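In: Fold the stuff below for me.
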Amino acid sequence: MTCPNCGRQATGNFCPGCGTRLSAQPASDPGTGQGRPSRRRRAQNRNDRQSLEYPQNREHVYRQINAQQSFRQGSAPGQYAFPGYVPSQGYNPGRQETGVYQDIPAWATGQSPGGQLLMRLAGSTIMLICAILASLYALSMCYLCGKEIVHLIGEIGDHYKYYSTAQKIANIISIVTAFAHAIMAAWLLAAVWRLIGSAVGRYRLAMSCSGLQFCKSYTRIRGLLLFLPAFAAMLSLAMDIVEVETNSFSYGTLSLTLSCATHAGFQAVTVLFTKHTTLTLAFLSGLLLLAAARSSLLTTVCATSVRMLRYGGPQQRRVVPAAVLTLLRGLVLLAGGIYMLAEYGDHFQFDGILQISSFLVTGLASCLLSVLLFRDAAGIRRLQGE
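Out: The predicted model follows:
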């Protein structure tokens, strides 16, 4: 007689190979709880038990089971077994620590609603105008700072040995701040056009994260550079209030404050309060601190925008505060530039007019950028269902 389960020829009531009762029906699927498992099924179960004896195999199997359960349950965002896992996408956009899923495909970058919102804003006409205005500012500053550096280095070669200590300190600080301003202006030029290119170029989906990363690096370094003159301004203000005797340190902090304030576009403050040093330092301390805080907020916006592009979902943070400070900066630069041209425009030479005009251009670009940030915040609220 042929065993209906394993196909072995046998005599008697039971098969000597698998133990199936020959007069009964073939053993059913062990998953139903009826009958006994076949020889092949028992071998598979034995292999599974042996594989689980090794920690790495057991961990891999448990991860697979956990991922399958998360997919079936359709957990809410943020409750998946792996970071950033969205069941409907079929892949894990998070960091690849498990090896269960492949990395995010290149075509999927920026395909989420939040990513599409960022792409539209980065490729909009307002953003293009901002990039053109920022380019005019950056080119003007590179020219002016380069000319200033050449002039100051020339003075060092001719008359440096006749300078007083205070003059030497002021000269060195002016060279350093002009050089830093030129570097940051060139960096800004590259950052805005890289962002534009990542939003409208042929490979925009693959480049979008790198463009925002480049902007994040710029805003982070700018914030760190602005905190230094802000701290120097607060020190100068404190020494002025307590009437500390003028020395090399106090003169150095004051020179750094005034030089950085001029390069930041706050020259009108120093002109308005020429006879009130304490009031001038108070205003400059506040403006430089707000400028540094704005750069820090923009860094957070860029960082969370990168995560939103990669993983989907409305993950942006600090957009509204960054928009408010950006608008405030634009209004301050516009008001200061208009005042300087109206009061002293007849006495300025070409370089002076170019410098004031470049800050007017930056003020306009800041106001337009604040519009984009407010639109971004409104779009995020819509995505969140608020």
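In: helices and strands of this protein: which one bottoms out on pLDDT?
Out: The helix or strand of the chain with the poorest confidence is helix 55-73; it has a mean of 44 (mean pLDDT, DSSP states H and E).
In: I'd like to know which elements the following helix or strand past that helix is packed against.
Out: Following helix 55-73 in sequence order, the next helix or strand is helix 113-122 (DSSP states H and E). Counting contacts by 3 or more Cβ pairs under 8 Å, 6 or more residues apart in numbering; DSSP states H and E, helix 113-122 packs against helix 165-200, helix 204-241, helix 277-311, helix 350-383. Backbone N, C-alpha and C define where each C-beta goes, glycine included.
In: Show me what counts as buried in the last one.
Out: Looking back up the chat, that one is helix 350-383. 352, 355-377, 379-380, 383 (16 or more other Cβ atoms under 10 Å).
In: Can you name every helix or strand that it contacts?
Out: Helix 350-383 packs on helix 113-122, helix 125-159, helix 319-344, going by 3+ Cβ pairs under 8 Å, 6+ apart.
In: what would these look like in a markdown table with distance to Gly211 and mean neighbour count?
Out: Compiled in a markdown table, the helices and strands packed on helix 350-383 are given as follows (distance: least, Cβ to Cβ, whole Å; neighbours: other Cβ atoms under 10 Å):
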| stretch | distance to Gly211 | mean neighbour count |
| --- | --- | --- |
| helix 113-122 | 8 | 19 |
| helix 125-159 | 12 | 16 |
| helix 319-344 | 18 | 19 |
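In: Below-threshold pLDDT in this protein: ranges please.
Out: Low-confidence segments of the chain (pLDDT under 70): 1, 14, 16-20, 23-111, 157-160, 199-208, 313, 386.
In: Buried residues, stretch 241-249. List them.
Out: Neighbour-count burial for stretch 241-249 [16+ other Cβ under 10 Å]: no residues qualify.
In: whoops, I mixed them up, stretch 210-223
Out: Buried residues in stretch 210-223, counted by 16+ other Cβ under 10 Å: 211-216, 218-223.
In: which residues are contacting that stretch?
Out: 122, 184, 187-188, 190-192, 194-195, 197-199, 292-296, 298-299, 302-303, 305-306, 309 (Cβ atoms under 8 Å, 6 or more residues apart in numbering).
In: what do you get for stretch 226-240?
Out: By Cβ under 8 Å, 6+ apart, stretch 226-240 touches 250, 253-254, 256-257, 259-261, 264, 277-278, 281-282, 284-285, 288-289, 291-292, 295.
In: And these, which of them are buried?
Out: Counted by 16+ other Cβ under 10 Å, the contacts of stretch 226-240 give 250, 253-254, 256-257, 259-261, 264, 281-282, 284-285, 288-289, 291-292, 295 as buried.
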